[in-house]
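Peer 1: let me see the structure of the following:
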Amino acid sequence: MLRDEPAGDTIVVIRATPLNVDATIDDIAEAATESAEAYEVTAGDRREVLYGVSVFSAQDDNETLAILERFDAAESYLMARVDSLRQAGFAVFATGARADHFDVQLLGGRTDRDQAASSEEISDAARRLVEIAGPLRPNPFYAGEQGGPEQR
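Peer 2: Now for the predicted structure:
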């Protein structure tokens, strides 16, 4: 399904995350690695491997809370404005069937003919993404170990 890219002032809930930064970086890097093994996106006039991190857009606090409620097994989350991500060199692509679902491309410009990114490259990009998003925020809907499954 083709959709428009999000506006620059759109807020995205980047990730339902573990409670510490290192585990969050590892989680994001793992998701991007798995994404690259399965997905490609059209960037300009060519296909790129998607080293993607799943995000959901929110226009206001109520939409943010609705997103977080679905991720009650996640202790914390990250948020960022789309324009901040783009200024840092991360593309944001409309992906999936949901109108509010996007992916942040951690490592752009790579085709399936290129050598796969190294673990270090992916982790470095994940760390930059976390730095742009700022501190981890506690998820007000966190239900502890008994929480429901995350929907990514």
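Peer 1: beta-bridge partners for the residue nearest the centre of the chain, please?
Peer 2: The C-alpha lying nearest the average C-alpha coordinate of the chain belongs to V53 (Cα atoms, centre = their mean; 3.2 Å). Under DSSP bridges, the beta-bridge partners of V53 are V104.
Peer 1: contacts only, for it.
Peer 2: The contact partners of V53, by Cβ atoms under 8 Å, 6 or more residues apart in numbering, come to I14, R15, I28, A31, A32, S35, D103, V104, L106, A126, L129. Quick note: C-beta positions are derived from backbone N, CA and C, even for glycine.
Peer 1: ok, residues contacting stretch 116-130?
Peer 2: Outside stretch 116-130, the residues within contact range by Cβ under 8 Å, 6+ apart are 14, 21, 24-26, 28-29, 32-33, 36, 49, 51, 53, 78, 80, 85, 88, 90, 104, 106-107, 110.
Peer 1: drop anything exposed from these.
Peer 2: 14, 21, 24-25, 28-29, 32-33, 36, 49, 51, 53, 78, 80, 85, 90, 104, 106-107, 110 (16 or more other Cβ atoms under 10 Å).
Peer 1: narrow the residues you listed to those in strands?
Peer 2: Among these, the subset assigned to strands under DSSP state E consists of I14, V49, V53, L78, A80, V104.
Peer 1: in JSON lines, list those along with distance to P6 and pLDDT.
Peer 2: Listed next are these as JSON lines, based on distance: Cβ to Cβ, whole Å; pLDDT from 0 to 100:
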{"residue": "I14", "distance to P6": "12", "pLDDT": "69"}
{"residue": "V49", "distance to P6": "21", "pLDDT": "96"}
{"residue": "V53", "distance to P6": "14", "pLDDT": "95"}
{"residue": "L78", "distance to P6": "16", "pLDDT": "93"}
{"residue": "A80", "distance to P6": "11", "pLDDT": "92"}
{"residue": "V104", "distance to P6": "10", "pLDDT": "95"}
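Peer 1: out of the residues you listed, which is nearest to A43?
Peer 2: Using Cβ to Cβ, V49 comes nearest to A43 of these, at 10.1 Å.
Peer 1: from L106, how far out is the closest one?
Peer 2: Taking Cβ to Cβ, to the nearest Å as the measure, V49 and L106 are separated by 11 Å.
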